[in-house]
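J.: Need a 3D model of the following:
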Amino acid sequence: MLEYERFRKKVYCRTCKIDTNHQILAKHVINDDCDELHFYSTDEYMICQCMGCDTVNFVKEYDDSNMHFSFYADDVAEHVDIENIDVYPPKPLTDSEDYYKMKEFKHLPNLLSSLYKQVVANVELKHYLLAAAGLRMMIEGICNHLSIKNGPLIDDNTGEPKMKDGNPVRGSNLNGRINGLAEAKVLTERSSGVLHFIRKLGNQTVHELADPKRHIILDALEIIEQTLYNIYELKKYDYLKKEYMKKS
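T.: Residues are numbered from 1 along each chain as shown. Presented below is the predicted three-dimensional model:
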């Protein structure tokens with residue numbers, strides 16, 4: 001009997017109806033390296049066989065250098081590895097409550113659009129810990145895109161501004177940057193307060209590996225969606241207003 005390489009993680013088997021271990025019967029790899037930009041990408045196409053029932057399926061895994069990065073969560077470095085694995089035939093969404101209707105955003109930056117889709121995918125798969133971490137990363141992404149580098153800090157225990165020698169303490173962590181969004185009038189103070197809740201939710205899941213409840217994640221996702229709409233989608237109304245003023 002031939003010994004085959006085992007795929008590194010469980011994937012969906014349409015016969016077993018669950019994620020199972022698979023062995024790789026055949027593999028084709030396409031590598032693309034760009035030394036000048038220090039960028040690489042890898043496409044792996046695999047014919048796999050379930051090690052439980054012998055059902056054969058097709059697995060594609062994509063990886064590139066942009067899918068591995070680090071960020072700081074309140075001055076603590078966190079490393080993130082994004083996975084992109086597709087299985088054919090795919091895992092069906094059999095439970096209607098697992099399906100989440102994504103909002104349509106036409107003006108989101110590519111990274112935020114990708115993060116949003118991955119958060120929704122994790123919600124549908126009930127990976128709520130990853131969804132919470134992704135929501136926190138989306139706030140980081142908004143701050144990065146709008147070049148909000150710092151802002152006044154708040155005390156997470158009291159909710160009051162941190163002071164030193166009678167002056168507000170500023171910081172470049174996400175605590176400060178969220179307040180920097182309000183300071184730049186991108187958000188209202190109330191909206192920034194809600195984002196602090198998502199920040200703390202993300203911190204809790206990352207540091208304590210605490211799996212949040214579904215309804216909390218759904219509420220937080222709705223808040224992020226409204227934030228994205230207010231920041232990016234309302235730009236079209238600003239454009240219409242300018243065009244109207246030109247013709248007046």
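J.: who's in contact with Val123?
T.: Contact partners of Val123, counting by C-beta atoms under 8 Å, 6 or more residues apart in numbering, are 100, 131, 214, 217-218, 221. (C-beta placed from N, C-alpha, C; glycine too.)
J.: element containing it?
T.: Using DSSP states H and E, Val123 maps to helix 110-124.
J.: buried ones in that helix?
T.: The neighbour-count check on helix 110-124 (16 or more other C-beta atoms under 10 Å) flags 112-113, 115-116, 118-120, 122-124 as buried.
J.: what separates Ile178 from Ala184, distance-wise?
T.: Noted for Ile178: a distance of 11 Å to Ala184, by C-beta to C-beta, to the nearest Å.
J.: of the two, who's got more company?
T.: Legend: neighbour count by other C-beta atoms under 10 Å for Ile178 and Ala184, higher for Ile178 (27 against 12).
J.: pretty sure that one is touching Arg199, no?
T.: Yes: counting by C-beta atoms under 8 Å, Ile178 touches Arg199, with 6.4 Å between them.
J.: any residues in contact with both of those two?
T.: Overlap of the contact sets of Ile178 and Arg199 (by C-beta under 8 Å, 6+ apart) consists of Ile139.
J.: which residues of this protein score low on pLDDT?
T.: 1-2, 35-37, 69-78, 93-98, 206-210, 235-248 (pLDDT under 70).
J.: Could you pick out the longest helix of it?
T.: helix 189-208 (DSSP state H).
J.: residue boundaries of the strands in the protein?
T.: Counting by DSSP state E, the chain has strands at residues 5-6, 11-13, 18-20, 22-34, 39-50, 56-64, 68-73, 76-81, 84-88, 151-152, 163-164, 167-168, 170-171.
J.: just checking, what packs against the third one?
T.: Here strand 18-20 touches strand 11-13, going by 3 or more C-beta pairs under 8 Å, 6 or more residues apart in numbering; DSSP states H and E.
J.: So which elements touch the strand it packs on?
T.: The contact analysis (3+ C-beta pairs under 8 Å, 6+ apart) places strand 11-13 against strand 18-20, strand 56-64, strand 84-88.
J.: Centre of the chain to that strand, how far?
T.: Offset of strand 11-13 from its chain centre (C-alpha atoms, centre = their mean, to the nearest Å): 23 Å.
J.: got the contact list for that strand?
T.: Contacts of strand 11-13 with the rest of the structure, by C-beta under 8 Å, 6+ apart, involve 18-20, 22, 48, 50, 52-53, 55, 57, 59, 85, 87, 90-91.
J.: ditto for stretch 124-135
T.: Residues from elsewhere that reach stretch 124-135, judged by C-beta under 8 Å, 6+ apart: 80, 93, 98-100, 115, 118-119, 122-123, 198, 201-202, 204-206, 209-214, 217, 220-221, 224.
J.: just the buried members of those residues?
T.: Here, 16+ other C-beta under 10 Å leaves 115, 118-119, 122-123, 198, 201-202, 205-206, 212, 217, 220-221, 224 buried among these.
J.: and of these, the nearest to Asp63?
T.: Distance to Asp63, by C-beta to C-beta, is smallest for Gln118 among the buried ones among the contacts of stretch 124-135, at 14.6 Å.
J.: surely the closest one meets Glu83?
T.: No: taking C-beta under 8 Å as the definition, Gln118 is not a contact partner of Glu83, at 9.4 Å.
J.: The nearest residue to Phe58 once chain neighbours are set aside and Val56, how far apart?
T.: Spatial nearest neighbour of Phe58, excluding adjacent residues (C-beta to C-beta, 6 or more residues apart in numbering): Tyr88 at 4.4 Å. Separation of Tyr88 from Val56 (C-beta to C-beta): 11 Å.
J.: Cys143 touches Arg177, doesn't it?
T.: Yes: in this structure, Cys143 is within contact of Arg177 by C-beta under 8 Å, at 4.3 Å.
J.: what sits in contact with each of the two?
T.: With contacts defined as C-beta under 8 Å, 6+ apart, the residues shared by Cys143 and Arg177 are Lys149.
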